[in-house]
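> Sequence and predicted structure below; questions after.
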Amino acid sequence: MLHIHSSFGKTVLILGLVGLLLSSPAVADTIEGTLNGEPRTWHVVKQGGSSTANFSELVPGMQTVTLQGHVDDEFATQGTVSIGFTLMNGEMVSPPEASYFHTGKFVPNYGNQDTPRQWDLSVREIDGNTMHFAGQYAGTLKLQGKPTGDEPETIELDVTFDVNAVRTDM
């Protein structure tokens, strides 16, 4: 009888964990995809209560969002990809802005000039201080600023993201 009770307890525990996983989908907190056709992974850097994936409420119902990924699980400019956009009552105000920082400096960098070829976005508020963003960005980024070498004029960025962003104060 003790064996049945033990198995029943394990079954309830397993079902509870499955239910928890189904109700709270796993978030990778990464931006993954390709840069000029080469596979890449960028990590959202978190430290304390801050994150490189964040949002601010400009006015009630209007959020500005930045999803920034780094090559390693630490902050560094070189190799960083950033996607930014503004929402008003859950709708995009303008096309998203994407940037790629190929050097350790902020300029020159690559940024989009046009509407991306592909843009998908799913937004879910988790609580007042955390929002979940998942989607895809695909487009051509153009070199901005004075070239430092023989950088190409454009690069292709195609990424998916699945991140939790934290609220920041403006």
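Received it, and whenever you're ready, just let me know what you need.
> Next, work out how far apart residue 44 and residue 153 are.
Distance, residue 44 to residue 153, by CB to CB, to the nearest Å: 29 Å. (Each C-beta comes from the backbone N, C-alpha and C, glycine too.)
> Have a look at the two and say which one is more surrounded.
Between residue 44 and residue 153, counting by other CB atoms under 10 Å, residue 44 is the more crowded of the two (24 against 9).
> where does the more buried one fall, phi/psi-wise?
For residue 44, the backbone dihedrals (degrees, to the nearest 10) come out as phi -80, psi 130.
> from memory it sits against residue 72, does it?
No: the pair residue 44 and residue 72 fails to qualify as a contact (CB atoms under 8 Å) at a distance of 11.7 Å.
> tell me which residues form a beta bridge with residue 158?
Residues in a beta bridge with residue 158, per DSSP bridges, are residue 34, residue 138.
> Make residue 1 into 52 and carry on from there
That works, and once the first residue is 52, the last one we named lands at residue 209.
> Let's see stretch 141-157 as PDB, backbone CA atoms only.
This file holds the C-alpha atoms of stretch 141-157, laid out as PDB (Å, rounded to 0.1, in the frame of the first residue of the first chain):
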ATOM      1  CA  GLY A 141      -0.800  47.000 -28.500                       C
ATOM      2  CA  GLU A 142      -0.300  48.200 -32.100                       C
ATOM      3  CA  MET A 143       2.900  49.200 -33.900                       C
ATOM      4  CA  VAL A 144       3.400  53.000 -34.200                       C
ATOM      5  CA  SER A 145       6.100  52.600 -37.000                       C
ATOM      6  CA  PRO A 146       8.200  49.900 -38.500                       C
ATOM      7  CA  PRO A 147      10.800  48.300 -36.100                       C
ATOM      8  CA  GLU A 148      14.300  49.500 -36.000                       C
ATOM      9  CA  ALA A 149      17.100  46.900 -36.100                       C
ATOM     10  CA  SER A 150      20.800  47.500 -35.600                       C
ATOM     11  CA  TYR A 151      24.000  45.500 -35.600                       C
ATOM     12  CA  PHE A 152      27.200  46.700 -34.000                       C
ATOM     13  CA  HIS A 153      30.100  45.000 -35.800                       C
ATOM     14  CA  THR A 154      32.900  46.900 -34.000                       C
ATOM     15  CA  GLY A 155      33.500  47.800 -30.300                       C
ATOM     16  CA  LYS A 156      32.200  51.300 -31.100                       C
ATOM     17  CA  PHE A 157      28.700  52.600 -31.500                       C
END
